[in-house]
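Student: Need coordinates for the following:
(one chain, ligands or ions: 1)
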Amino acid sequence: MPYDPKTIEPRWQKHWEDTHAFRTGEDRSRPKYYVLDMFPYPSGEGLHAGHPEGYTATDVVARYKRMMGFNVLHPMGWDAYGLPAERYAVRTGIHPAVTTRRNIANFKEQVKRLGFSYDWEREISTTDPEFVRWTQWIFLKLYERGLAYQAEVPVNWCPAQGTVLANEEVRDGRYVETGEPVERRMMKQWMLKITEYADRLLEDLDELDWPEGVKTMQRNWIGRSEGAEVSFGVEGREEVLKVYTTRPETIFGATFVVVSPEHPMIDVVVAPERRDEIFAYRARAASMSVIEKSQARTKGGAFTGAYVVNPASGARMPVWVADYVLMGYGTGAIMAVPAHDERDHGFAREHDLPIVEVIAAPAAVDVRHAAWEGEGPMANSGFMDGMHASAARKAAIEWMERRNVGVGRVQYKLRDWLFSRQRYWGEPFPILHRQDGEVVPLPEDSLPLLAPELVDYRPTADGEPPLARAEGWVRTTDPASGEDAMRETNTMPQWAGSCWYYLRFVDPKNVEAPIDPEKEKYWLPVDLYVGGAEHAVLHLLYARFWHKVLFDAGVVSTKEPFSKLFNQGMILAYSYRDAAGKYHRPEDAVERDGRWFVGDVEVERQVEKMSKSKLNVVDPGDVVDRYGADAMRLYELFMGPLDVAKPWQMNGVAGVSRFLHRVWRMVMGEDGGLSSQIVDVAPSAEIARVLHKTIKAVGEDVDAMRFNTAISKLMELSNAVGATDAKPKSVVEAFVLMLAPFAPHVCEELWSALGHPESLSHEPWPVFDPALAVDDVREYVVQVNGKLRGKVVAPAGLSSEGLLQAVHADPVIAAMLAEMSIVKEVAVPNRLVNFVVRA
Ligand code: ANZ
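Tutor: Here you go, the predicted model:
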């Protein structure tokens, strides 16, 4: 009976489902393990080969932990609000709820074919009314705590999307998802006060077992800096101009001040004869896109005609306007220190402004030509002269505070989170705008508030949300006062649901609360969270923020949601492009002498992201059809380390499939029963050693997420066992159990052939016995000039070099050799070492 995944796999999947094999246990006296995937957006395109990579990794861990005796929570759900469903609705008029349901069904079917051990009874979608209810409930908690507010703010408006975006969604003036340009506009929007949590979001990163890169990105995004706010008196006026600096010790070197073009002080201080020039500059800056601004650096700038006085040096400092100073950071004004800041240096050179060195630069650096941004002893700085710059930083703040010209200040780059969108397919805000102008929250017992059906889902050019068209829904009465009221028509961003879904998996059917406190205490935090690195400062920052708010509100008992995070690397694919830029199907490309051809046309082979337009998308369904889910799973993890990007190669799948065929033939006999070579004998010392080394290594590798090396060790074990004629049943069983998390279907089949009627899903993991894993040792003879002079016990099978090392490491031999003068050393592996010495 040959190995046939097509019959085995559906059968075991059905068996697991019928027996509720992966239903989460409720026995809270057992140790728990919560292993979670970043849940997918169920797009219409369906699953691609990248999705199952992380899912397979978490599934191996989930299955391994169950066998280790843990109570495992391993759930799956759908992050189902989002733009594609809405765009599709605009095109076709089909309600997003309908397409979402369809896409989820399709996705789920594809995921299920891979045999993951999810507890499907806990499946949730962020669009489920019961889920929406608690998302809105959490918003009300934020609102009650003063953490949600409306404000007229400069927003990132994306004309192509017809909505505003959060700062985290914009890079270099473009929407990160699509690359579409983003404009600045003033709009009244809902904001969440994430800035109030900046310090805690920063500090608590230290205790997380997360990739350093992600932690660094969050630290940089939060952007804490320590410095001072310094006040400069405006010459001839009452007003002071405040700047923010991280280098207060350079105050004696500050020779001019620069304010952002949007700075309100410009109108106050500008000299009449400079008005036109300044306003023209400001208009130019305002019309510039964010992209141009970020590239503007120090070019341009205009003088206001006003001066301030340097409180330390007494120097007159001209006030300039330039767009390299941003209004949204610090005070929107800087003291420029051209000797020690490169941008200020460029500006000073361009406009011929004085450069004063206050930190002694190394001899090779002349601050007239380049800024010295390093440390050193202070110079030209009055009371700070001779101090080291880092010490002077504190002294300068103390001096400023004593004289009332400055105060120490901590500053963050993090801004409040813009939390409303002009979209249809998102959670409505549970908020009413009463006729008397009051904004009131809906009572909790009226949740969920669901969006009405619309005929027209289109976004508008002026930012009026599509929900505003549903007049009958918008006009209502405030249940508390009976007054006429209008519903809020903005919706929440897609991030809302993913901010707390991991909590709901713990208690998905609770109708009293988002989560039961006892269950929360048992299951949280998530022990292992696996997903793509693209969420470093979006989802992962937002979810940490909500979690901390819920902690303060007493809803959760842990400070952090995800104690360990792992980012899987992207799965890439080969693409084949000809000189004209046209892509060809990979199966049509053939290699000849290291070059690639489609027919007679030479094509270039490249490793690229999978994409329809490049014809290189791998459909997991096709792979399962051809090789089976077990081969697919095994290959996803055997390709290379989980965290690196790597190209998909079909012949790699074929390779692991051959391995599974070999395993099958090793265990199964011709007639469908067990192979006659499998016998009830004790393993030889050699096989026992390989087995126990493998048990140890595979366990350690899975714990450390090194799945590829775990698989190769299992392959080595199967080779060792395969080479013997009488295969000890106990060893074969242990091997099958260890392979099972990776290739569960075939292993279940082999396990039952080995005589076990129960599924192996909850079988204990093989026990490691250190005594049996010890390497073989033997006695080596040590000779001097051919005469026996001693013996050394060391591992068997050492190389000549290893043998010599072992002999030299023996204290008795080492003492003897110290008296002699060695001419030559000869090692005969597995036998002896001979030292030729001078008499
Ligand atoms: C004087 C100085 C001297 C500065 C020196 C730097 C070097 P981080 O670390 O990112 O917080 N700055 C302050 N507000 C700004 C704004 N709105 N737009 C552009 N630049 C601004 O950076 C703080 C430093 O960036 C501040 O320290 C200020 O320049 C500048 F040798 O002040 B510094």
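
Student: okay, CA-based contacts and neighbour counts for the rest of this
Tutor: Noted.

Student: Is Arg393 in contact with Glu249, as I believe?
Tutor: Yes - shown here, Arg393 and Glu249 form a contact pair, counting by Cα atoms under 8 Å, at 4.7 Å.

Student: the more surrounded of these two?
Tutor: A direct count of neighbours by other Cα atoms under 10 Å for Arg393 and Glu249 places Glu249 higher, at 26 against 20.

Student: and the gap between the residue in the stretch 51-200 of the chain that the ligand sits nearest to and Phe545?
Tutor: Residue nearest to the ligand within the stretch 51-200 of the chain: Ala198 (14.5 Å; Cα to the nearest ligand atom). Going from Ala198 to Phe545 by Cα to Cα, to the nearest Å gives 9 Å.

Student: measure Cys747 to Trp12 for me?
Tutor: From Cys747 to Trp12 the distance is 10 Å (Cα to Cα).

Student: Please identify which of those two sits among more neighbours.
Tutor: Looking at Cys747 and Trp12 with other Cα under 10 Å, you find the greater number of neighbours at Cys747, namely 25 against 18.

Student: Show me what the helix or strand harbouring that one is in contact with.
Tutor: Under the criterion of DSSP states H and E, Cys747 resides in helix 744-753. Outside of helix 744-753, the residues within contact range by Cα atoms under 8 Å, 6 or more residues apart in numbering are 5, 8-9, 12-13, 115, 630, 664, 667-668, 673-674, 733, 736-737, 739-740, 758-760.

Student: and the protein, what are its domains?
Tutor: 1-26+625-774, 31-126+495-568, 139-193+416-487, 225-411, 777-837 (automatic domain parsing).

Student: hmm, back to that, intersection of neighbour lists for Cys747 and Trp12?
Tutor: Counting by Cα under 8 Å, 6+ apart, nothing touches both Cys747 and Trp12.

Student: Could you report the neighbour count for Val321?
Tutor: By the criterion of other Cα under 10 Å, Val321 has 23 neighbours.

Student: who touches it in this structure?
Tutor: Contacts of Val321 by Cα under 8 Å, 6+ apart are Val258, Val259, Ser260, Pro261, Ile278, Gly301, Ala302, Phe303, Thr304.

Student: out of those residues, what pair is the most spread apart?
Tutor: Distance extremes for the contacts of Val321: the farthest pair is Val258 and Ile278 at 12.8 Å, using Cα to Cα.

Student: So for these two, which sits in the more crowded spot?
Tutor: Between Val258 and Ile278, Val258 has the larger neighbour count (other Cα under 10 Å), namely 27 against 24.

Student: Could you report the distance from the residue nearest in space to the middle of the chain to Val269?
Tutor: Nearest to the geometric centre of the chain sits Ala533, at 3.4 Å (Cα atoms, centre = their mean). To Val269, Ala533 is 47 Å away according to Cα to Cα.

Student: Next: Leu454.
Tutor: 52 Å.

Student: higher neighbour count, these two?
Tutor: Using other Cα under 10 Å as the criterion, Leu454 and Val269 rank with Val269 on top: 20 against 15.

Student: so who does that one touch?
Tutor: Listed by Cα under 8 Å, 6+ apart, the contact partners of Val269 are Val234, Thr304, Gly305, Ala306.

Student: Can you report phi and psi for the last one?
Tutor: Translated: Ala306. Torsion angles at Ala306 (phi, psi; degrees, to the nearest 10) stand at phi -100, psi 160.

Student: The residue nearest to the centre of the chain contacts Leu540, doesn't it?
Tutor: No - under the criterion of Cα under 8 Å, Ala533 makes no contact with Leu540, lying 9.8 Å away.

Student: for the protein, which spans come out with low pLDDT?
Tutor: Along the chain, the parts satisfying pLDDT under 70 run over 287-299.

Student: Tell me the spacing between Arg434 and the ligand.
Tutor: Plainly put, Arg434 is 38 Å away from the ligand if you go by Cα to the nearest ligand atom, to the nearest Å.

Student: how about the closest residue to that residue other than its chain neighbours, phi and psi?
Tutor: In this structure, Arg434 finds its nearest non-sequential neighbour in Ala485, 4.1 Å apart by Cα to Cα, 6 or more residues apart in numbering. The phi and psi torsions at Ala485 (degrees, to the nearest 10) take the values phi -150, psi 160.

Student: Next up, the contacts around Ala485.
Tutor: If you count contacts by Cα under 8 Å, 6+ apart, then Ala485 has Leu432, His433, Arg434, Gln435, Arg475, Thr476, Thr477, Asp478 around it.

Student: My guess is Val455 contacts Ile94. True?
Tutor: No - counting by Cα under 8 Å, Val455 sits too far from Ile94 to count as a contact (9.2 Å).

Student: one step back: inside helices: which ones of the contacts of Val269?
Tutor: Using DSSP state H, the subset of these located in helices is empty.

Student: Which one (most neighbours) among those?
Tutor: Most surrounded of the contacts of Val269: other Cα under 10 Å gives Thr304, at 24 neighbours.

Student: Please report how far the closest residue to that residue other than its chain neighbours lies from the ligand.
Tutor: Nearest non-adjacent residue to Thr304, counting by Cα to Cα, 6+ apart: Val270, 4.9 Å away. Distance, Val270 to the ligand, using Cα to the nearest ligand atom: 19 Å.

Student: Now for Lys32, how many residues are close by?
Tutor: Neighbours of Lys32 (other Cα under 10 Å): 21.

Student: picking that back up, roughly how far does the residue nearest to Arg434 sit from Pro441?
Tutor: 11 Å.

Student: OK, now which residue of the stretch 501-650 of the chain is nearest to the ligand?
Tutor: Closest point on the stretch 501-650 of the chain to the ligand, by Cα to the nearest ligand atom, is Val537, at 17.7 Å.

Student: unless I'm mixing things up, that residue is touching Gln218, no?
Tutor: Yes - Val537 lies in contact with Gln218 (Cα under 8 Å); the separation is 5.7 Å.

Student: Which residues are in contact with Lys582?
Tutor: Counting by Cα under 8 Å, 6+ apart, Lys582 has no contacts.

Student: Oops, could you answer that again for Trp78 instead?
Tutor: Phe39, Pro40, Tyr41, Pro42, Ile104, Glu123, Ile124, Ser125, Thr126.
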